[in-house]
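*Asks:* what would the 3D arrangement of this be:
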Amino acid sequence: MTAFYLGSSESPLFGYLHRPSGPARGAVVLCSALSTEAHFSHQSLVWLGERLAQERFTSLRFDYRGTGDSWGALADVSMRMWTEDVKSAIAFLKSDVGDKPLHGFGIRTGANLLRRCAAQCDTLDRVIYLDPVESGARWLSEHSRDPDEVPDGLRDFAGWHELSSNLYQELKALTWPLPESPTDKTALFVSTGPACSKGSSPWGEQYIHRPGPRAHLENGSTGVAPVPVRMLRELVSWIAS
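*Replies:* The predicted structure is shown next:
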């Protein structure tokens, strides 16, 4: 696992690269969640990167601008910039593996950002969307602070971070699927929540329901989520098949 910066020198992205011990058979860009969900699901993505390396895939984890160790603050970024960050990560891996297969994995809000990129380019061969956010308004409500705890004059919070009004409205408008996005024929939609029928849910042809510990929710007081190893193995097998 190698830590480094990628993207432009003016607004670099911090990332981790998982490489196989031998020649890579392909690469996977790993798009994390946002807010507290990114913290709780962090170990899941680390394990996924390690599993992919065992299957001879190079994978890249990275922080979006305004988050983690990447450039900027939340007040300086937008959904458009985060989509560009995903594109930068894809371009980096494409230059690294050349004509070998390039795939994508996104969890929660990371799935929403990944699908925006997948809808705009044909670089990715296969994509996995794990528990994408279907309602940005509900997601913000679940991650907002108690109004009684918010200082006077500050109202746009999510996951204990102050948001600009513009970013708050962009997140609030999140839906799934994106109205302009076509059906993904090479995409796997994964739900770990309540089951839903294809006729009443925004899933594609390849949809699997794996109820159990959710990779983006806190496990007791540990501050992390239980890693669903069996499911991760299944997802790696789908990418490698």
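*Asks:* quick one: the strands in this structure, in order.
*Replies:* For the chain, the strands defined by DSSP state E occupy 2-6, 13-18, 26-31, 57-62, 102-107, 126-130, 157-158, 161-162, 187-191, 207-209.
*Asks:* name every strand pairing with the fourth one and say which way it goes.
*Replies:* For strand 57-62, the paired strands and their directions (DSSP bridges) read strand 13-18 (antiparallel), strand 26-31 (parallel).
*Asks:* try the first one
*Replies:* Here strand 2-6 is paired, per DSSP bridges, with strand 13-18 (antiparallel).
*Asks:* could I get the average pLDDT for the partner strand?
*Replies:* In this model, strand 13-18 carries a mean pLDDT of 96.
*Asks:* then stretch 48-59?
*Replies:* Mean predicted lDDT for stretch 48-59 stands at 95.
*Asks:* first-to-last residue distance for it?
*Replies:* This stretch, stretch 48-59, spans 9 Å end to end (Cα to Cα, to the nearest Å).
*Asks:* same question for that stretch: list its buried residues.
*Replies:* Buried residues in stretch 48-59, counted by 16 or more other Cβ atoms under 10 Å: Leu48, Gly49, Arg51, Leu52, Ala53, Glu55, Phe57, Thr58, Ser59. Every C-beta, even on glycine, is put in place using the N, C-alpha and C of the backbone.
*Asks:* Ala119 versus the first one, what's the distance?
*Replies:* In other words, Leu48. 23 Å (Cβ to Cβ, to the nearest Å).
*Asks:* surely Ala73 is in contact with Gly66?
*Replies:* Yes. Ala73 lies in contact with Gly66 (Cβ atoms under 8 Å); the separation is 5.5 Å.
*Asks:* these two: who's more crowded?
*Replies:* The residue with more neighbours, out of Ala73 and Gly66, is Gly66; 23 against 12, by other Cβ atoms under 10 Å.
*Asks:* if I look at the nearest residue to the more buried one once chain neighbours are set aside, what pLDDT would I see?
*Replies:* Of all residues not flanking Gly66 in the chain, Val77 sits nearest, at 3.7 Å (Cβ to Cβ, 6 or more residues apart in numbering). pLDDT recorded at Val77 is 93.
*Asks:* and the pLDDT at the residue nearest the centre of the chain?
*Replies:* Geometric centre of the chain, nearest residue: Gly110, 2.4 Å, by Cα atoms, centre = their mean. Listed pLDDT for Gly110 reads 97.
*Asks:* quick one: residues contacting it.
*Replies:* Residues near Gly110 by Cβ atoms under 8 Å, 6 or more residues apart in numbering: Leu30, Cys31, Ser32, Ala33, Leu34.
*Asks:* tell me the confidence at the second one?
*Replies:* The reference is to Cys31. 98.
*Asks:* run through the bridge partners of it.
*Replies:* Residues in beta-bridge contact with Cys31 (DSSP bridges): Gly106.
*Asks:* what is the neighbour count of it?
*Replies:* 31.
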